[in-house]
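sequence and predicted model, in that order:
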Amino acid sequence: MVKLGKWIGGGLGWAFGGPIGGLLGFFLGSFFDAATIITKNINAPQGKVTQRGDFILSFLVLSAAVMKADKIIKKSELDFVKKFLLANFGEHQTYESLRVLKELLQKDIPLDEVCMQINQNMSNPLKLQIIHYLYGIANADGEIHQSEINIIEQIAIKIGLTQREHNSVKSMFVKETDSAYEILGVPKSASNDEIKKVYRKMAVKFHPDKVANMGEDIQNAAKVKFQTLNEAYERIKKERNII
């Protein structure tokens, strides 16, 4: 059975970088057996194409930040993360990963350092996917608190997403007036041609093929996000009689 030790230690080294990555990688890695999973990522150079393990580890670290935002760790949030891990790694790796998450939930997380490395190493589609998943965690109990929105917005900015990109994902979970326009990231005053142009650009950015090399659960979430974008565009087309 594959173990998570090196994935945890090496992955956190990638996520945090420098002395922080070394210390946290050593601390968390000591809880687990040596791993063979995703070992090619451990000593990979900065700026490499992000691998699946990088995404999962970043997801765990940022998940802890969002789960702690409202000062209450909810079972529904833990179940959300567990479901995600089970879909991608199986029971044993899920068990080990949840042990890591438990450790992270008990510690102060250097959010700036984590986000800086994500900003440098992750592609834009994966950054959007992370924000989408973080809102999924926040919404796991059926109610998204303002403190959770605030921390996710901070993360989005720190990992290099624009306010418009963040608002686009946020609008898929937080329904507000003119949410269809928010999802596309355009003002209601935009012309039909502007809306068509923005939709085509967003459709490319949110297309599931952008995360085709990731796990099945990630791809399925990307399909849902892409569908939400299309539904928003269809609502605007119907409202404006756009052909």
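Yep, it's here. Residues are numbered from 1 along each chain as shown.

show me which helix runs longest in the chain.
helix 75-105 (DSSP state H).

list the helices and strands the helix or strand that contains Lys237 packs on?
Using DSSP states H and E, Lys237 sits in helix 216-240. Using 3 or more C-beta pairs under 8 Å, 6 or more residues apart in numbering; DSSP states H and E, the elements in contact with helix 216-240 are helix 75-105, helix 124-138, helix 179-184, helix 192-206. From N, CA and C alone the C-beta is placed, and that goes for glycine too.

can you redo those as TSV with mean neighbour count?
Listed next are those as TSV, based on neighbours: other C-beta atoms under 10 Å:
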stretch	mean neighbour count
helix 75-105	17
helix 124-138	22
helix 179-184	22
helix 192-206	15
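
what's the spatially most central residue of the chain in contact with, if anything?
The residue lying closest to the centre of the chain (C-alpha atoms, centre = their mean) is Ile130, at 1.1 Å. By C-beta atoms under 8 Å, 6 or more residues apart in numbering, Ile130 lies in contact with 55, 58-59, 62, 118, 122, 155, 159.

then stretch 117-133 to CSV, C-alphas only?
C-alpha atoms of stretch 117-133 as CSV (Å, rounded to 0.1, in the frame of the first residue of the first chain):
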residue,chain,number,x,y,z
GLN,A,117,4.1,29.3,-4.0
ILE,A,118,0.7,28.5,-5.5
ASN,A,119,0.8,31.7,-7.4
GLN,A,120,4.3,30.8,-8.8
ASN,A,121,3.6,27.2,-9.6
MET,A,122,0.0,26.7,-10.5
SER,A,123,-1.8,27.4,-13.8
ASN,A,124,-4.8,29.7,-13.8
PRO,A,125,-7.4,26.9,-14.4
LEU,A,126,-6.1,25.1,-11.3
LYS,A,127,-6.2,28.3,-9.2
LEU,A,128,-9.8,28.7,-10.2
GLN,A,129,-10.5,25.1,-9.3
ILE,A,130,-9.0,25.6,-5.9
ILE,A,131,-11.3,28.6,-5.2
HIS,A,132,-14.3,26.6,-6.5
TYR,A,133,-13.5,23.8,-4.0
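
ok now it, how far from the chain's centre?
Distance of stretch 117-133 from the chain centroid (C-alpha atoms, centre = their mean, to the nearest Å) equals 6 Å.

ok, back up a step: other SSEs contacting the longest helix of the chain?
Contact analysis of helix 75-105 by 3+ C-beta pairs under 8 Å, 6+ apart lists helix 52-67, helix 124-138, helix 216-240 as its packing neighbours.

Throw those helices into TSV and include mean pLDDT, thanks.
Formatted as TSV, the helices and strands packed on helix 75-105 follow (pLDDT from 0 to 100):
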stretch	mean pLDDT
helix 52-67	77
helix 124-138	90
helix 216-240	83
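
columns distance to Val114 on top of the ones you listed, output as CSV?
Compiled in CSV, those are given as follows (distance: least, C-beta to C-beta, whole Å):
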stretch, distance to Val114
helix 52-67, 5
helix 124-138, 11
helix 216-240, 19
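
out of the helices and strands packed on helix 216-240, nearest to Val66?
helix 124-138 (5.0 Å; C-beta to C-beta).

tilt between that closest one and helix 216-240?
Using axes from the mean of the first three to the mean of the last three C-alpha atoms, to 10 degrees, the direction of helix 124-138 lies 90 degrees away from that of helix 216-240.

now helix 124-138 against helix 75-105, angle please.
110 degrees.

show me where pLDDT drops low in the protein?
1-56, 176-177, 215 (pLDDT under 70).

one more time with 50, if that's ok
1-20, 22-23, 26-27, 30-50 (pLDDT under 50).

burial count for the residue lying closest to Leu101 once chain neighbours are set aside?
Spatial nearest neighbour of Leu101, chain neighbours left out: Leu60 (5.5 Å); criterion: C-beta to C-beta, 6 or more residues apart in numbering. Per other C-beta atoms under 10 Å, the neighbour tally for Leu60 reads 22.
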